[in-house]
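Novice: Okay, structure incoming, though there's no sequence with it:
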């Protein structure tokens with residue numbers, strides 16, 4: 001998943017980014033409310049981890065403004081405020097879940113996975129395209145019964161394709177979703193990583209139909 005962390009405490013924000021990326025996610029960080037709000041509007045995210053008290057624009061206002069603009073990205077709100085009234089206010093403001101500081105990273109990770117967007121035909125965090133399966137929890141990818149090892153970026157790219165199976169995704173969509181917003185991406189980066197995936201999930205299975213397809217002039221589609 002691609003996750004936006006809006007947290008003004010640099011140590012917490014950086015630890016969250018590190019932990020989430022170790023779990024094969026892509027994470028962007030904003031250290032103030034205004035920057036975070038702008039990123040949430042400009043980029044496409046699967047989830048926003050949002051601190052309640054922020055400089056520039058507080059988390060509750062960010063959440064309300066996003067919902068008013070039709071942005072329905074799931075929001076996990078973090079706060080040092082643990083009163084029931086505060087949690088109710090946050091949920092009524094459009095947050096999908098609420099976690100009080102201090103918290104265990106394992107609990108945050110479980111909530112992140114629970115809030116992750118899932119296609120209607122997925123079961124939990126396991127995605128299927130023909131005989132190809134991807135488990136976003138165990139990071140296992142199989143075609144038939146054969147286990148396929150992938151790098152972190154290959155896994156993120158394949159997960160994004162499989163979450164959007166049978167949809168044509170442009171190179172820009174792929175770059176915006178699989179790489180950090182400030183990453184230095186070369187024009188052929190997507191082609192290179194698509195080639196890596198094909199060499200692992202299509203070419204070794206010559207008797208089966210290829211799953212990753214190029215839609216000339218538009219982008220790529222799996223399915």
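Specialist: It's in. It should be emphasised that the depicted structure is a prediction, and the values quoted were computed from it without experimental measurement.
Novice: May I ask which helix or strand encompasses residue 196?
Specialist: Element membership of residue 196, judged by DSSP states H and E, is helix 189-201.
Novice: What's the local residue count around residue 11?
Specialist: 8 (other C-beta atoms under 10 Å). C-beta coordinates here come from the backbone N, C-alpha and C atoms, glycine included.
Novice: now it: how far from residue 17?
Specialist: 11 Å (C-beta to C-beta, to the nearest Å).
Novice: Same check on residue 93?
Specialist: 24 Å.
Novice: now do residue 183
Specialist: Taken as C-beta to C-beta, the span from residue 183 to residue 17 is 14 Å.
Novice: In this protein, mark out all the helices, start to finish.
Specialist: Assigned by DSSP state H, the chain shows helices spanning 10-22, 33-42, 59-68, 84-92, 105-115, 152-163, 171-178, 189-201.
Novice: rank the ones you listed by pLDDT, which is bottom?
Specialist: Sorting the helices of the chain by mean pLDDT places helix 84-92 lowest, at a mean of 71.
Novice: is it true that residue 35 touches residue 55?
Specialist: No - Residue 35 lies out of contact with residue 55 (C-beta atoms under 8 Å); the separation is 9.8 Å.
Novice: So for these two, which residue has more residues nearby?
Specialist: residue 35 (16 against 11).
Novice: tally of neighbours for residue 143?
Specialist: Using other C-beta under 10 Å: residue 143 sits among 19 other residues.
Novice: brain fart, residue 45
Specialist: 24.
Novice: Next: the one 5 residues further on.
Specialist: Neighbour count for residue 50, taken as other C-beta under 10 Å: 28.
Novice: One more: residue 88?
Specialist: 11.
Novice: Residue 57 now?
Specialist: 17.
Novice: Please apply the same query to the one 4 residues further on.
Specialist: Neighbour count for residue 61, taken as other C-beta under 10 Å: 14.
Novice: Skip the chain neighbours and tell me the closest residue to it.
Specialist: residue 33 (7.4 Å; C-beta to C-beta, 6 or more residues apart in numbering).
Novice: Contacts only, for the one you found.
Specialist: By C-beta atoms under 8 Å, 6 or more residues apart in numbering, the contact list for residue 33 reads 6, 8, 54, 55, 56, 57, 58, 59, 61, 62.
Novice: Equivalent analysis for residue 181, please.
Specialist: Residue 181 neighbours (C-beta under 8 Å, 6+ apart): 28, 39, 43.
Novice: Next up, phi/psi of it, please.
Specialist: phi -60, psi -30 (degrees, to the nearest 10).
Novice: domain assignment for this structure?
Specialist: Domain ranges of the chain: 2-115, 126-222, per automatic domain parsing.
Novice: So what's the residue count around residue 22?
Specialist: Residues near residue 22, counting by other C-beta under 10 Å: 10.
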